[in-house]
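Any chance you could fold what I've pasted below:
(chains A and B)
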Amino acid sequence: GENVEQHPSTLSVQEGDSAVIKCTYSDSASNYFPWYKQELGKRPQLIIDIRSNVGEKKDQRIAVTLNKTAKHFSLHITETQPEDSAVYFCAASSGSYKLIFGSGTRLLVRP
Amino acid sequence: GAVVSQHPSWVICKSGTSVKIECRSLDFQATTMFWYRQFPKQSLMLMATSNEGSKATYEQGVEKDKFLINHASLTLSTLTVTSAHPEDSSFYICSAEGYSLSGANVLTFGAGSRLTVL
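Below you'll find the predicted structure:
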């Protein structure tokens, strides 16, 4: 089955700096890669996603890149703000919304 | 649109009792429901997948007789933790896949249920 690895597990950046979180997946059939932001005790919130027919997608300060050959995808957050502090999860799926999640990255943005 | 209501948001029970968690899709038909478990400071681990009217498919290592899943209608799925023990204490989250009124394929998460077994 699919296995998704995510790193780093924790990331601390200064406000205004960029943050990058990376994930790798094992199943070459995976074709959908969402990123979720989760605050303590809350449901995951979709922040951006990408499908395998696209190499990059951007939404304001957030961007995701996908390298199908290497089976890895990354989340880029620019101009970080304290409210970006949360746990971020990558996920992968093939053909449906059966998501396999990475282990999570705890992002801390220092004011 | 595409709202999933999950109840209860938190529950405390005694060891050995059963607890039922409900997820309802309010404005769309949930053809597939995914149930996840999340231990503190860990990731969401997929427990099972259920399609309306069919038996759930459980992930490896998840006891189907302990975690009973029912998906009898397109708007309701339930997870029952039977004979709960302290090690079952966790955050349980559902996600529903279906089609909105506009025909868009959607995936929506419930708000989660925090179970504490004493």
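
Spell out the secondary structure type for residue B:62.
coil (DSSP: H, G, I helix; E, B strand; the rest coil).

I'd like the distance between it and residue B:81.
11 Å (CB to CB, to the nearest Å). Bear in mind the C-beta positions are built from the backbone N, C-alpha and C, glycine included.

which residues touch the residue located most distally from the centre of chain B?
Largest separation from the mean C-alpha position in chain B: residue B:102, at 25.2 Å (CA atoms, centre = their mean). Residue B:102 is in contact with residue B:1, counting by CB atoms under 8 Å, 6 or more residues apart in numbering or on different chains.

ok, back up a step: which one of residue B:62 and residue B:81 is surrounded by more residues?
Between residue B:62 and residue B:81, counting by other CB atoms under 10 Å in any protein chain shown, residue B:81 is the more crowded of the two (24 against 17).

For that one, list the residues it contacts.
Residues in contact with residue B:81 (CB under 8 Å, 6+ apart) are B:18, B:19, B:20, B:21, B:66, B:67, B:88, B:92, B:115.

And for the last one, the neighbour number?
Residues near residue B:115, counting by other CB under 10 Å, number 21.

Can you give the contact residues for the helix or strand containing it?
Using DSSP states H and E, residue B:115 maps to strand B:113-117. Contacts to strand B:113-117, defined as CB under 8 Å, 6+ apart, come from residues A:41, B:6-15, B:19, B:21, B:81, B:84-93.

Direction included, what does that strand pair against?
strand B:10-13 (parallel), strand B:90-99 (antiparallel) (DSSP bridges).

Check the ones you listed for me and report the most buried one.
Among these, the stretch with the highest mean neighbour count (mean count of other CB atoms under 10 Å in any protein chain shown) is strand B:90-99, at a mean of 24.
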